[in-house]
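**Q** Output the structure for:
(chains A and B, ligands or ions: 1)
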Amino acid sequence: MTTLTALARAHAVESGCAQPITTVRHVHVADRPFACVPLALAGEANAPLAALVGDERERPRLLVVHQPRDRDQRFGFAHRMGQLFQGYIARFPSVVQERVHESTRPVDGPQLWVPNPRSTAFLKLFGRSTRYRSVDGPYPVEETVPRLGRWLTQFVHEAEYPGQSMLLEATTVLTQHWATGQSAVEDAHLPALMAWLLTPDGMNGRAAALAAEDPVTHPPAGPATDPTFDREVLAPAMAAYDAASNPVARRTAKERLESALRGQLAPTWDLVWQAIGLMRQLPPGERVVKRWVRDVRSNQTFYLRLNDGSPPQPKRDGAVAAARRLSRLERTQANYEAQRAFDDPLVMAEHRLAGNAFVGTVVEVEVDRFTGKARRPLIKVRTDDPVSLVSGTVLDPRRERQKAEILEVEQDEDALIISLELAGGMGNKTKEPPPPRSLPTEGEEVCYSALSDEFKRDGDFPSLDETPWTHGGPPVPVRVTNEDVQEDWS
Amino acid sequence: MDGIRGPAEPTKHNARTIAALTSNPGCARRRVLDAAGVDKKALAEHLGAPAPFGDSPFALARGNVFESIVKANGAAELIRLLREMLDLSLPEVAYHALDNVAGRESLDTRHRRSVQLLREAARSAEDSGTLFAHPLLRLDVGGRAVYLEPDLIAFQIAGRFHIVEIKSFPVIDRRAEPEKVAAAAIQSAVYVMAMRDFVASLGHDPEIVSHDVVLVCPRDFSNTPTAALIDVRKQLTTLRRQLDRLENLDSILGVLPPGLTLELRPDSTGARTRPVGELDEALKHLEPRYAPECLSVCEMSLRCREESQGRTEALGRSVQEQLGGIEFASEVLSLAAGTRPPSIHEEEAARMLRAAHRLRSQCLGETA
Ligand code: SF4
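**A** Numbering: from 1, shown residues only, chains lettered A, B, ... in the order given. A predicted model of the protein is given here:
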């Protein structure tokens, strides 16, 4: 939580309207996203109960487990979901055919939307519980089941890296772009959050959000169901299904159960698509597409692995894999932070407020200044920002290849005058003047910060086979054992 | 104190409600309500702001099924786990079920029976293992003895007791949801404390009750139990502090108007007849300290949220902090826009808010 976002929340409280906290969108919205709204049976470890899934808003597919404690029915659910999801992925040549190269051209690729972080957690466990199943052995399942598990695991794992757009949670994405007049706890409830963003005419956000807290009119966005619904609707409907003694009774009971679950899911389904629509309306940040291309490439690599007989993802990372992962997480986080700020003045404003960035006017330029043979121009920038930087290297995103070294910071009445020595990004001919616009000119507005979107190489890690014994030695390759295949499902 | 509650029976506590006492320790309203044994759930309902949480029958059923699996056959499965975990080579483990005998025993009788058995166990220095299922313990909460009806088993080995807590959330690939483990830890700490009070009352060293509790959960996606030791020393300290505070309410109670009561005055049919306006009036004397976290732990939360409308605390502690601790959203905005001069304490906050306001207006193209 930053001061600017906090201030936006205060504005939302007073105005009754959600407030923007970015000027652009920082995620990619795919042309054909796939939405998944899962429900789980309360109390069980990851027992799917129902889901609405699909890539067409008008045609959600309802998947139901009529008796969630029945193993076969659960795998039937996984099989049907697997068919739909893999059918969806197969429609993207960017994943299953072409090679995608580093590019800034938008490519069409698969994107999964869920209502909230708990749904992601559900899919993560669902991936875990399906990816080790086997097509033969004691409890054979369809091939689609373990493949679904591996795809879900791929999406969920990649979603842990900041800035990705492969798997998007509606509540997370929306709260990264707007502030409401309620707390983060309340924002986690998708209906209440959307009530602030799409407030019905003549209402204020707060009143609309309060109304959206009624679980009867606004069922929870899952995967947990409303306890009262469980008691009064679901439990009797399931009991009736179990008790049905002839095909007619069974069909009636089945329909009743399905319509009850559809009733719980449909409102959330609509909200997820509304969220997608809201995000589409925002213009994308300039660097979003670069990250999206990386997402698509990751899926392509994964697709190849899936088909070349590689084992499923392990239950836990080994020492080297874990260290690599952590290092990649840190780098992605730093790059994402820089990219967001470079793409969005309102995000940059957070850094200005914190004193790590400043916007100001160039008041003096000395172009012909040399250190040895190298041209090292000097500029002075006047800024009103509360800068706390006193030394170090900064850069302006409009001249990303030009480093600026802070030489001096002087107070000038209410403002600061910052002297910067520039290096790079101005051609390398010392005799001729630097190319036009390669250097800031007097009167120009510039923005410098300590942020950097530089590509950093992966740190030096031993290969997996060289994992030191102190860290458990080389990981044993994942082999699906009989125990995994037979793993109990309570 | 009893006056505040009125003639109603004090509410029953359990490990969960006692654990909840630690979640918003600064709230005077809840401290008084809890110390007086007021039924917060009923009160909130009558005020038209019922608690926003409940239990699913499926969750309750799973909990019961799992517990009975763990305890089946003289807790055979549990004993196997304990042997592994505490590295015991027990030849034999005795099992005492202290459950209610056919629902005929009073709490007092059950408690006496538990005391008797545990007293003997604490006295004996024998090296044999003994499990006690469902002992009935007693804890002092706000000067009132509260019976704890735990679904726990106290395990005694080599003169030391371990509390065993059975929970039905899964441990998958040796990981469980941290919030759930945290909740289980503080609830087990309640039992450790009750048990320690008890052995101390017998003149034993309270430390013979271990601060390591055994948490038993289903493993992966199965119903097979798995166990882990959790150190609850930190939770014990928090809990003790909070229970002590419940007893030292004099400073709050001293300033309450005499005759203040929150009774709901049920008539002979049980319908509550107390006018809501009177309750609103009475509650004004008990200062809340609302935070969004209340929504998941306190029955009064919807009511208190209503009262905190327009305040920055309703947006969450970190938001409030970022706004320099200014109390109302409207004040935040007037300080930020510079339309109201800051008081001496607000100067620092005002400077930052004005800077934020300037930047925000610049970026969104509004006039500052
Ligand atoms: S909901 Fe109200 S009474 Fe309960 S802890 Fe929060 S502020 Fe106190």
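
**Q** what's residue 146 sitting at in phi/psi?
**A** This is for chain A. phi -60, psi -30 (degrees, to the nearest 10).

**Q** meant chain B actually
**A** With angles defined as degrees, to the nearest 10, B:Val146 sits at phi -120, psi 130.

**Q** which residues does the closest residue to it other than its chain neighbours contact?
**A** Spatial nearest neighbour of B:Val146, chain neighbours left out: B:His13 (4.4 Å); criterion: C-beta to C-beta, 6 or more residues apart in numbering or on different chains. (C-beta placed from N, C-alpha, C; glycine too.) B:His13 sits next to B:Leu139, B:Val141, B:Val146, B:Leu148 when contact means C-beta atoms under 8 Å, 6 or more residues apart in numbering or on different chains.

**Q** Same question for the helix ranked longest in chain B: list its buried residues.
**A** Identified as the longest helix of chain B according to DSSP state H is helix B:57-85. Buried residues in helix B:57-85, counting neighbours by 16 or more other C-beta atoms under 10 Å in any protein chain shown, are found at B:57-60, B:62-63, B:65-67, B:69-71, B:75, B:77-79, B:81-82, B:85.

**Q** What pairs with the next helix or strand after it, parallel or antiparallel?
**A** Going down the chain from helix B:57-85, the next helix or strand is strand B:93-97, by DSSP states H and E. Partner strands and pairing direction for strand B:93-97 (DSSP bridges) are strand B:129-133 (parallel).

**Q** Okay, angle between the strand it pairs with and helix B:57-85 too, please.
**A** Per axes from the mean of the first three to the mean of the last three C-alpha atoms, to 10 degrees, the angle that strand B:129-133 makes with helix B:57-85 is 170 degrees.

**Q** near the ligand, which residues of chain B?
**A** Within reach of the ligand by C-beta under 6 Å from any ligand atom, chain B has these residues: B:Asn24, B:Cys27, B:Arg29, B:Arg30, B:Pro288, B:Arg289, B:Tyr290, B:Cys294, B:Cys298, B:Met300, B:Ser301, B:Cys304.

**Q** Among the residues you listed, which one sits closest to B:His46?
**A** Taking C-beta to C-beta as the measure, B:His46 lies nearest B:Met300 of the residues of chain B next to the ligand, at 11.6 Å.

**Q** just to revisit the earlier point, between the contacts of B:His13, which is closest to A:Met238?
**A** B:Leu148 (33.7 Å).

**Q** so who does the residue sitting furthest away from the middle of chain A touch?
**A** In chain A, A:Lys431 marks the outermost C-alpha relative to the chain mean, sitting 48.9 Å out by C-alpha atoms, centre = their mean. By C-beta under 8 Å, 6+ apart, the contact set of A:Lys431 is empty.

**Q** helices and strands of the chain: which one has the lowest mean pLDDT?
**A** Reading this off chain A. Across the helices and strands of chain A, mean pLDDT, DSSP states H and E gives its lowest value to helix A:482-486, namely a mean of 60.

**Q** Oops, wrong one, chain B.
**A** Result, chain B / mean pLDDT, DSSP H and E: strand B:153-157, a mean of 66.

**Q** any low-confidence regions in the chain?
**A** Just so you know, I chose chain A. In the predicted model, chain A carries pLDDT under 70 at residues A:1, A:98-106, A:429-430, A:455-490.

**Q** meant chain B, my bad for not saying
**A** B:1, B:87-92, B:99-105, B:124-129, B:150-159, B:366-368.

**Q** I'd like the domain boundaries of it, if you could list them.
**A** Under the assignment automatic domain parsing, the domains of chain B span B:2-54+B:247-292, B:57-243, B:313-364.

**Q** Would you mind giving the ones you listed as JSON lines with distance to A:Ala12 added?
**A** Formatted as JSON lines, the domains of chain B follow (distance: least, C-beta to C-beta, whole Å):
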{"stretch": "domain B:2-54+B:247-292", "distance to A:Ala12": "15"}
{"stretch": "domain B:57-243", "distance to A:Ala12": "28"}
{"stretch": "domain B:313-364", "distance to A:Ala12": "9"}
